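J.: sequence-free structure coming up:
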């Protein structure tokens, strides 16, 4: 009886076995490379690229820190709003387009010299009252003048300035930062415009030019 030799595995079976493990390894290798690329990209972006916290306060051109979350302020009265019902405008801003009566009331007279009023003259029943900052800003100057009354000039954003004349007991100094509503001084009387008694002459400037405060405030 002839002994049968074991059959050698066919080429076809070898090919099938090779395919059974070759492609899973290839797919796994591609997946590992892909995951590695994503991880490396994220790590690179985290280290090199600034996050939101870094760029939110930067000027893109100058790289300076700026305030991005500060609320936009609007001009407020230069006195406590609780006093509004007792406020009187004794002398108005001189507007060339206003009627004759308004223009006449806006003329300031001293020693037979007429001067146009570049602000408004505010009185609170002839009594002293606290003068407050209409906007947050910087004290540009403090002028002491016993004849015309002391004066405070504040500079603000967007080319605005507010000027507070005929005050006393000044509580701020040049270069100081002030907040809106902060008490600056007390309204007083002066010899130059003595006929109106205790008052505040309040002026608003836009780009160095006086403008009517009523443009911003509903007196």
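T.: Sure thing, it's come through. Values in this document were obtained by computation on a predicted structure and should not be read as measured data.

J.: Show me the domain layout of the chain.
T.: The chain breaks down by automatic domain parsing into domains covering 7-69, 81-215.

J.: Figure out the length between the terminal residues of the longest one.
T.: This points to domain 81-215. 18 Å (Cα to Cα, to the nearest Å).

J.: The domains of the chain: lowest mean pLDDT?
T.: For the domains of the chain, mean pLDDT drops lowest on domain 7-69, to a mean of 51.

J.: I'd guessed residue 148 sits against residue 192; true?
T.: Yes: counting by Cβ atoms under 8 Å, residue 192 is a contact partner of residue 148 at 4.4 Å. Yep, even glycine has a C-beta here, placed from its N, CA and C like the rest.

J.: so where do the strands sit in this protein?
T.: 87-91, 107-110, 113-116, 120-124, 130-132, 137-143, 150-155, 160-168, 177-178, 183-187, 200-206, 209-211 (DSSP state E).

J.: In TSV: these, plus mean neighbour count and distance to residue 77.
T.: TSV is the format used below for the strands of the chain (neighbours: other Cβ atoms under 10 Å; distance: least, Cβ to Cβ, whole Å):
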stretch	mean neighbour count	distance to residue 77
strand 87-91	16	8
strand 107-110	14	22
strand 113-116	10	23
strand 120-124	22	9
strand 130-132	22	8
strand 137-143	16	16
strand 150-155	20	14
strand 160-168	22	11
strand 177-178	16	15
strand 183-187	20	13
strand 200-206	22	9
strand 209-211	15	16
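
J.: wait, which of these is closest to residue 72?
T.: Checking the strands of the chain against residue 72 by Cβ to Cβ gives strand 160-168 as the closest, at 12.3 Å.

J.: Can you tell me the strand partners of that closest one and which way each runs?
T.: Note on strand 160-168: by DSSP bridges, its sheet partners are strand 150-155 (antiparallel), strand 183-187 (antiparallel), strand 200-206 (antiparallel).

J.: ranges for the helices of the chain?
T.: For the chain, the helices defined by DSSP state H occupy 11-48, 52-55, 100-105.

J.: Quick check: buried residues in stretch 181-199?
T.: Neighbour-count burial for stretch 181-199 flags 184-190, 192-193, 196, 198-199 (criterion: 16 or more other Cβ atoms under 10 Å).

J.: List the contacts of the residue nearest to residue 196 when sequence neighbours are not counted.
T.: The spatially closest residue to residue 196, leaving aside those adjacent along the chain, is residue 90, at 4.8 Å (Cβ to Cβ, 6 or more residues apart in numbering). Residue 90 makes contacts with 121-123, 196, 199, as judged by Cβ atoms under 8 Å, 6 or more residues apart in numbering.

J.: can you tell me how far residue 90 sits from residue 195?
T.: Residue 90 sits 9 Å away from residue 195, going by Cβ to Cβ, to the nearest Å.
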